[in-house]
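[1] just to be clear, the model below is a prediction. Sequence and coordinates:
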Amino acid sequence: MAVLDSHEEEQLEALKNWWKENRNQILGGILIVVVVMGGWRGWQYYRHQQSVEAATLYQQFIQQLGSNDPKRINDAAAAVMNKFSSTPYATRAALLAAQVNEQGKDKTRAKTQLQWVIDNAGEDTLKDVARLRLAAMLLDEKNYADALKLLDAKHPDSFNGLYDDLRGDVLSAQGKIDEARSSYKLAYEKIDPQSMYRNLIQMKLDALGTAK
């Protein structure tokens with residue numbers, strides 16, 4: 001591992017602290033956009049093909065999101081997940097409920113819901129979203145081995161940048177600076193040049209300093 005001078009160590013520590021506080025919020029926002037945009041056509045198909053009850057339950061869940069009441073939100077999500085587990089309604093309800101629980105500090109429930117999506121989602125995109133969210137939570141818990149295992153899962157090329165960036169976070173947290181730098185460089189190359197997220201990756205590369 002390359003040796004950092006005191007200035008580089010201060011930069012790295014400052015960025016680590018900032019990213020730890022903001023990572024899940026930033027990543028969660030990006031991934032929710034992926035869920036909404038990437039799965040819209042499939043959601044529209046099921047909206048017309050599935051029963052009226054499934055659509056009604058999902059709509060009730062969406063309404064409960066505005067209540068800011070975790071119990072009501074989780075109960076509504078569970079109703080969709082239990083009765084219509086094979087539909088995109090269920091996996092989207094689980095993902096959104098997991099985000100609520102993560103923000104509300106109910107990490108155990110959030111992780112259970114994310115694992116449910118990984119195990120049950122019919123759309124690969126939703127599985128990838130859940131893996132990234134769960135890996136970020138495991139990183140917070142310093143469960144680096146399981147986080148990396150999730151990030152090693154097969155995924156479409158469109159997710160490469162996000163997977164490589166989060167892998168860089170895990171490796172950096174482990175003190176594997178050279179490996180983290182390599183992962184960030186891969187992420188930087190694969191993220192859309194017009195994306196603000198790319199600037200964040202550059203910040204993390206700058207904080208690591210140059211290779212010795």
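    Sure thing, it's come through. Residues are numbered from 1 along each chain as shown.
[2] now do the phi/psi pair for G122.
    Note on G122: its backbone torsions stand at phi -90, psi -20 [degrees, to the nearest 10].
[3] can you count the residues close to the closest residue to it other than its chain neighbours?
    Of all residues not flanking G122 in the chain, S86 sits nearest, at 6.6 Å (C-beta to C-beta, 6 or more residues apart in numbering). Every C-beta, even on glycine, is put in place using the N, C-alpha and C of the backbone. For S86, the count of nearby residues is 13 (other C-beta atoms under 10 Å).
[4] now swap in D119 and tell me
    So D119, with other C-beta under 10 Å, has 9 neighbours.
[5] find the helix or strand that it is a member of.
    In this assignment (DSSP states H and E), D119 forms part of helix 107-120.
[6] what's that helix packed up against?
    helix 70-83, helix 88-103, helix 124-140 (3 or more C-beta pairs under 8 Å, 6 or more residues apart in numbering; DSSP states H and E).
[7] buried residues in the last one?
    Of the residues in helix 124-140, those with enough neighbours to count as buried (16 or more other C-beta atoms under 10 Å) are 125-139.
[8] what's the answer for the first one, then?
    The neighbour-count criterion (16+ other C-beta under 10 Å) identifies 70, 73-74, 76-81 as the buried residues of helix 70-83.
[9] so how far is that helix off the chain centroid?
    21 Å (C-alpha atoms, centre = their mean, to the nearest Å).
[10] show residues contacting it.
    53-54, 57-58, 60-61, 63-65, 67, 89-90, 93-94, 96-97, 100-101, 104, 106, 109, 113, 116 (C-beta atoms under 8 Å, 6 or more residues apart in numbering).
[11] what's the following helix or strand after the lowest-mean-pLDDT helix or strand in the chain?
    The helix or strand of the chain with the poorest confidence is helix 40-49; it has a mean of 51 (mean pLDDT, DSSP states H and E). Using DSSP H and E, the helix or strand that follows helix 40-49 in sequence is helix 52-65.
[12] and A173, how many neighbours?
    17.
[13] quick check: it touching D140?
    No - applying C-beta atoms under 8 Å, one finds A173 not in contact with D140, separated by 9.4 Å.
[14] leaving out chain neighbours, which residue sits closest to the residue most central in space within the chain?
    For the chain, the residue nearest the mean C-alpha position is R133 (2.6 Å; C-alpha atoms, centre = their mean). Spatial nearest neighbour of R133, excluding adjacent residues (C-beta to C-beta, 6+ apart): L114 at 5.4 Å.
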